[in-house]
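In: structure for this input, please:
(one chain, ligands or ions: 2)
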Amino acid sequence: MNDFIANLPKAELHVHLEGTLEPELSFELAKKHGIELEYATVEDLLRAYDFHDLPSFLRIYYKAMSVLLDEDDFFQLTWQYLSKAAQQRVLYAEMFFDPQAHTSRGVAFETVIRGIRRAQERASLELGIDTQLILCFLRDLSAQSAMATLEESIPFKHWIVGVGLDSDEKGNPPVKFSEVFRKARQYGYRLTMHCDVNQENTLAHIHQCLHTIGVDRIDHGVNSLEDPALCATIAERGLGLTICPVSNRFVVQNLTAAEIRRMLSLGMRATVNSDDPAYFRAYVNENLQALHDEGGLTRDEIVQLVSNAFTVAWLDETRRASYVQRLQTYVDRNRAA
Ligand code: HPA
Ligand code: ZN
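Out: Numbering: from 1, shown residues only. Ligands and ions are numbered 1, 2, ... in the order given. Predicted structure coming up:
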């Protein structure tokens with residue numbers, strides 16, 4: 001099963017680029033910029049990763065970004081993630097980035113996106129991994145700040161497939177950003193939002209995503225299982241749910257394997273993703289492996305999860321069909337073997 005998962009052609013739809021900042025790169029960039037980190041070694045830094053909920057994770061995540069300053073830093077960040085993803089046989093990735101976490105520190109939007117884009121183009125040519133970018137607004141900042149960021153993105157619209165909503169959900173419901181997302185839709189962006197696991201008012205937030213915002217996808221959304229009407233809407237619309245098992249284990253102490261299995265049985269398009277792999281110490285293969293080893297998911301269920309990711313990806317139908325074909329060929333060959 002280890003090899004089967006490692007070589008499975010796959011897609012990743014929920015990964016925060018800033019969450020792929022490995023400690024080694026943090027130290028390298030700190031040295032380059034003459035920044036003193038609070039920790040002497042990679043081991044010391046890793047020991048500080050003792051998050052137990054979303055706010056305790058986010059504090060460490062935002063603090064670590066201080067080393068990302070110039071275009072080449074964003075190139076390195078993205079290149080290292082894409083190299084790792086390609087090694088894990090990710091054929092296609094949709095990656096989040098958090099521009100406000102950088103513009104608020106005086107780093108220009110253009111610096112961020114040009115560095116990321118350069119790595120995307122090089123990875124497509126040299127590593128054979130294709131990617132698209134999703135701009136995430138930070139929901140604990142104002143709607144006005146999100147709107148300004150949306151407008152800042154427009155000169156680079158051709159490099160961005162959609163917009164999302166991340167950061168601390170408590171007290172920051174989807175409807176806070178109704179106007180921003182309405183405008184984003186007008187600009188032609190796809191829409192997704194985080195509905196993190198076990199958040200206060202989570203069912204109301206998922207309901208707003210579906211019925212007020214009209215999202216094309218939900219990030220996490222595990223609690224939808226508590227409401228049959230939400231499940232029915234998600235299944236009927238064929239909406240994808242980008243679930244991140246190891247991340248869930250960190251922030252809610254539950255791999256949510258039983259929940260993922262139940263979604264599959266209800267015909268909901270659950271997918272498996274890594275979220276912030278440098279922090280949760282698990283890329284997409286380790287997430288799938290954990291579902292098998294600890295959650296007891298079968299080979300067929302793993303394949304269904306990966307297939308769902310290609311089905312709900314924001315791709316044109318020709319490319320989608322070619323990825324689905326590669327997956328099918330792999331599965332058939334392994335069944336015959
Ligand atoms: N949830 C909310 N915000 C985030 C996350 C997450 O899992 N990762 C990075 N920003
Ligand atoms: Zn996330």
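
In: ok, which residues in the stretch 201-337 of the chain are in contact with ligand 1?
Out: Residues of the stretch 201-337 of the chain lying close to ligand 1 by CB under 6 Å from any ligand atom are Ser247, Asp275, Asp276. (C-beta placed from N, C-alpha, C; glycine too.)

In: ok, the last one - contacts?
Out: This points to Asp276. Val15, His16, Glu18, Gly19, Thr20, Phe57, Tyr61, Ser247 (CB atoms under 8 Å, 6 or more residues apart in numbering).

In: and if you look at the first one?
Out: Applying CB under 8 Å, 6+ apart, one finds that Ser247 lies in contact with Ser274, Asp275, Asp276, Phe280.

In: and it, what element?
Out: helix 245-252 (DSSP states H and E).

In: which residues are in contact with the next helix or strand after that helix?
Out: Next in sequence after helix 245-252, counting helices and strands by DSSP H and E, comes helix 257-265. Among residues not part of helix 257-265, those counted as contacts by CB under 8 Å, 6+ apart are 222, 225, 241, 243, 245, 270, 272, 290-291, 294-297, 301, 304-305.

In: count of residues packed around the residue lying closest to Phe74 once chain neighbours are set aside?
Out: In space, and not counting its chain neighbours, Phe74 is closest to Gly115: 2.8 Å by CB to CB, 6 or more residues apart in numbering. Neighbourhood size, Gly115 [other CB atoms under 10 Å]: 22.

In: try Trp314
Out: 17.

In: doesn't it fall inside a helix?
Out: No - Trp314 is assigned coil when assessed by DSSP: H, G, I helix; E, B strand; the rest coil, not a helix.

In: circling back: so among the contacts of helix 257-265, which ones count as buried?
Out: Those of the contacts of helix 257-265 that meet the buried threshold are 222, 225, 241, 243, 245, 270, 272, 290-291, 295, 297, 301, 304-305, by 16 or more other CB atoms under 10 Å.

In: among the residues you listed, name the ones in strands.
Out: Leu241, Ile243, Ala270, Val272 (DSSP state E).

In: biggest separation within the buried ones among the contacts of helix 257-265, which pair?
Out: Between any two of the buried ones among the contacts of helix 257-265, the greatest separation by CB to CB is 19.5 Å, found for Leu225 and Ala290.

In: now, the contacts of Ser247 that are in strands?
Out: Per DSSP E, the contacts of Ser247 never map to strands.

In: pLDDT and distance to Leu135 added to these, as a markdown table?
Out: Shown next, in a markdown table, are those (pLDDT from 0 to 100; distance: CB to CB, whole Å):
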| residue | pLDDT | distance to Leu135 |
| --- | --- | --- |
| Ser274 | 98 | 19 |
| Asp275 | 98 | 17 |
| Asp276 | 98 | 17 |
| Phe280 | 97 | 22 |
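
In: most neighbours out of these, which is it?
Out: Ser274 (32 neighbours).

In: how much space between it and ligand 1?
Out: 10 Å (CB to the nearest ligand atom, to the nearest Å).

In: leaving out chain neighbours, which residue sits closest to Asn172?
Out: That would be Arg139: by CB to CB, 6+ apart, it lies 3.9 Å from Asn172.

In: what about that neighbour, how many residues close to it?
Out: 23.

In: quick one on the thing from earlier: what strand or helix carries the residue nearest to Phe74?
Out: Short version, using DSSP H and E: Gly115 is in helix 109-126.

In: now do the buried residues in that helix.
Out: Buried-residue list, helix 109-126, by 16+ other CB under 10 Å: Phe109, Thr111, Val112, Ile113, Arg114, Gly115, Ile116, Arg117, Arg118, Ala119, Gln120, Ala123.

In: could you list every helix and strand in contact with it?
Out: Applying 3 or more CB pairs under 8 Å, 6 or more residues apart in numbering; DSSP states H and E, we find helix 109-126 packed against helix 71-87, strand 90-97, helix 100-103, strand 130-138, helix 143-153.

In: what's the mean pLDDT across the last one?
Out: Across helix 143-153, pLDDT averages out at 99.

In: again, but for the second one
Out: Across strand 90-97, the average pLDDT comes to 99.

In: give me the contacts around it.
Out: Counting by CB under 8 Å, 6+ apart, 9-18, 78, 81-82, 85, 112-113, 116, 128-136, 161-162, 164, 166, 284, 310, 313-315, 319, 323, 326 sit against strand 90-97.
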